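> just coords:
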Ligand SMILES: [Ca+2]
Ligand SMILES: [Ca+2]
């Protein structure tokens, strides 16, 4: 779709002034050669201006087409926080982040800012950051003021400085957009900044049926519409999800739509490039299409109901900002969605739920991958829009404010040994856009950090992307391990999970001229590049360039 590589497109605002500069120089050259010929200089100057304007319009249009990220996306994401991150810097309330871990005083935005160089070296392209709006002292999923970016993770200044550091290190920041629901400023429904009336609350919200809410039994005329019908894309539910903890927002209300677009544009001016939408089963997919069309994120991903893969497909399809495409092409302007099923399948095969006995045979499934990234329903390559991951802030071990584990979060989905290594060896070599969890990369030891880094490097060197073709290896299956050849744009990547080289290595499937790129506890990855000269040694993929200068903050 885009005639340029992504990096060049995203730098168009530098390319265009450069073209103008070149034309200016040419006009100077002509003027100097024909001294005094102001007519020639003027005419060349006019042409330069015309070309400048044409390029500007064309490139702005291309930026728009790139919204949500192109198909065959080759970017890799990092989740830039975990459940306890908001406690950083709040020493009075949280002397310890968790039991035994002192609260050193830096707020979370400072922690991320200080880590920006390491994120770049890990070759991450995208970072999903926590909800940016003012909320209660917690993880931020009860937004109170959208136009106040001073929150539990840090004040507005440290917020901005973190985004600057990420741009300087070539990492695109994604904001966590919580707009299914809102919290009042002081009561259930007194929305401030922006100020919204009860008419923006879905009429079936719990507040209208709760005697202590202050709006119990409020007249229908003062409420919003019912939660929208979504059966056309998710047969498992009649209407969008209503969240019991906070006020469900009516996205059909014009003021809501207008203010959400304003909020997203404000975040863009702050330095965010894209969106991670929270709880998107809570309102109709078409609103995501509208918000994305109006704000042109470079990447968009939604958290749809975890075990509803059919609903995830339907939601993704209905978020498209342009609906002209047929089949997989329709997804070109769609949002991505988190692939919870792949996480669950890996957990059952090589994670906590396998009870210490890996079942590599389960990784073969239907020989097309797992979960949404292995889904080809209706002949569509859904993997293009699947964001794979192993853990997030809502899953695995996590604690209450007293630092003790929550009752339903007593263990991680993958332990810090062969389990997490082998699971990353899977998602970082397979289709989908992989998302690495902060704790795994930064807090689980230098050895795991280096292994994740080597896997990301191998993926990028081979040119593996979200839609890469997957070729599972039958001889490895017979030997009791998992192996696959994944087709990248620059060559072939081979991965074995389980056992050792005697069980499977690429030569056993008659592959040759490959080189080992990464290895760990019961897994190995090799790459063979199309450019044979590059197979003489392990290649290091280039590090991302600076993203430029941040825009002015505009509310
Ligand atoms: Ca509610
Ligand atoms: Ca809702």
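Arrived safely. Keep in mind that what you see is a predicted model, and the values were worked out from it rather than measured. Ligands and ions are numbered 1, 2, ... in the order given.
> Point out the residues in the stretch 101-250 of the chain that sit beside ligand 1.
Counting by Cβ under 5 Å from the ion, the stretch 101-250 of the chain comes close to ligand 1 at 205, 243, 248. To be clear about C-beta, it is placed using only N, CA and C from the backbone, and glycine gets the same treatment.
> For the last one, give me its contacts.
By that I understand residue 248. 180-181, 201-202, 204-205, 227, 242, 282 (Cβ atoms under 8 Å, 6 or more residues apart in numbering).
> Give the helix, strand or coil label for it.
Secondary structure state of residue 248, per DSSP: H, G, I helix; E, B strand; the rest coil, is strand.
> what helix or strand does the residue of the stretch 301-450 of the chain found nearest ligand 1 sit in?
Of all residues in the stretch 301-450 of the chain, the one sitting closest to ligand 1 is residue 305 (15.7 Å; Cβ to the ion). Assigned by DSSP states H and E, residue 305 belongs to no helix or strand.
> quick one: pLDDT of residue 20?
Residue 20 is assigned a pLDDT of 52 by the prediction.
> Kindly report the same for residue 555.
Model confidence at residue 555, expressed as pLDDT, equals 87.
> Make sure residue 351 is actually in contact with residue 411.
No. Taking Cβ atoms under 8 Å as the definition, residue 351 is not a contact partner of residue 411, at 10.1 Å.
> and residue 399, what is it in contact with?
Counting by Cβ under 8 Å, 6+ apart, residue 399 makes contact with 83-84, 98-99, 405-406, 409.
> could you dump the residues you listed to TSV with secondary structure and neighbour count?
Below are the contacts of residue 399 laid out as TSV (DSSP: H, G, I helix; E, B strand; the rest coil; neighbours: other Cβ atoms under 10 Å):
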residue	secondary structure	neighbour count
83	helix	22
84	helix	21
98	strand	18
99	coil	10
405	strand	14
406	coil	11
409	coil	15
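> hang on, the earlier thing: distance to residue 432 and pLDDT for the residues of the stretch 101-250 of the chain next to ligand 1 - can I get that in TSV?
Listed next are those as TSV, based on distance: Cβ to Cβ, whole Å; pLDDT from 0 to 100:
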residue	distance to residue 432	pLDDT
205	35	98
243	27	98
248	30	99
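> Spatially nearest residue to residue 549 (excluding sequence neighbours)?
residue 167 (7.9 Å; Cβ to Cβ, 6 or more residues apart in numbering).
> so what's the one you found up against?
Residue 167 neighbours (Cβ under 8 Å, 6+ apart): 173, 271, 546-550.
> Got the confidence number for the closest residue to residue 96 other than its chain neighbours?
Closest residue in space to residue 96, ignoring its immediate chain neighbours: residue 403 at 5.3 Å, by Cβ to Cβ, 6+ apart. Note on residue 403: pLDDT of 90.
> so residue 403 is in which element?
Judged by DSSP H and E, residue 403 forms part of no helix or strand.
> how far away is it from residue 337?
Relative to residue 337, residue 403 is positioned 33 Å away (Cβ to Cβ, to the nearest Å).
> for the closest residue to residue 252 other than its chain neighbours, helix, strand, or coil?
Once flanking residues are discounted, residue 252 sits nearest to residue 225: 5.3 Å by Cβ to Cβ, 6+ apart. Classification of residue 225 using three-state DSSP returns coil.
> Mind splitting the protein into its structural domains?
Following automatic domain parsing, the chain resolves into domains at 12-65, 71-536.
> Confidence-wise, which of the ones you listed is weakest overall?
Confidence, taken as mean pLDDT, is least for domain 12-65 of the domains of the chain (a mean of 51).
> related to what we said a few turns ago, give the contact list for the residue nearest to residue 96.
So residue 403 contacts 94, 96-99 (Cβ under 8 Å, 6+ apart).
> Using JSON lines, please lay out the residues you listed together with distance to residue 420.
Shown next, in JSON lines, are these (distance: Cβ to Cβ, whole Å):
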{"residue": "94", "distance to residue 420": "26"}
{"residue": "96", "distance to residue 420": "24"}
{"residue": "97", "distance to residue 420": "21"}
{"residue": "98", "distance to residue 420": "19"}
{"residue": "99", "distance to residue 420": "22"}
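> Show me which of these is closest to ligand 1.
Nearest to ligand 1 among the contacts of residue 403 is residue 94, at 28.2 Å by Cβ to the ion.
> Just to be sure, the closest one is in a strand?
No. Under three-state DSSP, residue 94 sits outside any strand and is assigned coil.
> so it touches residue 101, yeah?
No. Taking contacts as Cβ under 8 Å, residue 94 lies outside contact range of residue 101: 9.9 Å.
> More neighbours: which of these two?
It is residue 94, of residue 94 and residue 101, that has more neighbours when counted by other Cβ atoms under 10 Å, with 19 against 13.
> From residue 197, how far out is residue 252?
From residue 252 to residue 197 the distance is 15 Å (Cβ to Cβ).
> Compare those two (neighbour count), which wins?
More crowded of residue 252 and residue 197, by other Cβ under 10 Å: residue 252, with 17 against 14.
> Looking at the contacts of residue 248, which is nearest ligand 2?
Taking Cβ to the ion as the measure, ligand 2 sits nearest to residue 282 out of these, at 3.3 Å.
> burial measure for the nearest residue to the closest one once chain neighbours are set aside, as a count.
Of all residues not flanking residue 282 in the chain, residue 180 sits nearest, at 3.3 Å (Cβ to Cβ, 6+ apart). Neighbourhood size, residue 180 [other Cβ under 10 Å]: 25.
> What of residue 216?
If you count neighbours by other Cβ under 10 Å, residue 216 ends up with 12.
> Three-state assignment for it, please.
What three-state DSSP gives for residue 216 is coil.
> Just confirm it contacts residue 198, I think it does.
No. Look at residue 216 against residue 198 with Cβ under 8 Å: they stay out of range, at 11.7 Å.
> what do these two both touch?
Counting by Cβ under 8 Å, 6+ apart, residue 216 and residue 198 have no shared contacts at all.
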